[in-house]
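Participant: Let's see this in three dimensions:
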Amino acid sequence: MSVKRATLIVVALILGLAGCNPHPVGPGSEKAAIAPGELGSRLPRFDLKDLQGNDVSSERLRGKVVLVDIWATWCQPCRKEMPGYQKLLDGYGSRGFAVVGFKSNMMMDTENPVQFAKEIGVHYPLVSASAELISRFGELQGLPTTMIYDREGILRKKVIGFDYAESFEEAVKPLL
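Facilitator: As a prediction, this is how the structure comes out:
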């Protein structure tokens, strides 16, 4: 067999096999699941009471751009960041933007969470979150952890650690 003919056969085999897939994509095929807390993952379901006794649920947030903040009273960067989230809510809440804070219980509070929120001027819903609830948002790697979900409930931005409100505003505005 000539080298030219052997090369043509190898190329034909490669091209023929390139289109073969034992898991075809089409109606009814499943996409690989995106891990919680990874960009592209979905807003987890929850139905809870906030620190004021008001209902807070993922269902009520449907169709809104949602900033989820995982915080703690002992977290100084949280204290610095949270008033900026309130400012964003004040500016964009009427356009379908919502903020929910989930208080981590990984360590004991350094002060009363309701008083903490009042002192820093935060009025958005704050929920005392179990470790199980927080795990639905992915592995907690540090505080604060802030996530922005679009109107379809898809995670579009995640920041572990402090960031300025302007950075979150840049992410929120195009989603509104």
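Participant: I'd like the distance from stretch 59-68 to the chain centre, please.
Facilitator: Here stretch 59-68 shows a centroid-to-chain-centroid distance of 11 Å under the convention CA atoms, centre = their mean, to the nearest Å.
Participant: in what helix or strand does Val114 lie?
Facilitator: Using DSSP states H and E, Val114 sits in helix 113-120.
Participant: And that helix, what's buried?
Facilitator: Of the residues in helix 113-120, those with enough neighbours to count as buried (16 or more other CB atoms under 10 Å) are Pro113, Phe116, Ala117. (Glycine included, C-beta is placed from N, CA and C.)
Participant: if I read this right, the first one contacts Ser128, doesn't it?
Facilitator: Yes - with contacts defined as CB atoms under 8 Å, Pro113 counts as touching Ser128 at a distance of 6.9 Å.
Participant: Find residues that contact each of the two.
Facilitator: Residues touching both Pro113 and Ser128 comprise Leu51, Lys103, with contact defined as CB atoms under 8 Å, 6 or more residues apart in numbering.
Participant: dump the residue contacts of the closest residue to Glu139 other than its chain neighbours.
Facilitator: With sequence-adjacent residues excluded and distances taken as CB to CB, 6 or more residues apart in numbering, Glu139 is closest to Gly37, at 6.5 Å. Counting by CB under 8 Å, 6+ apart, Gly37 makes contact with Phe137, Gly138, Glu139, Met147, Leu155, Lys158.
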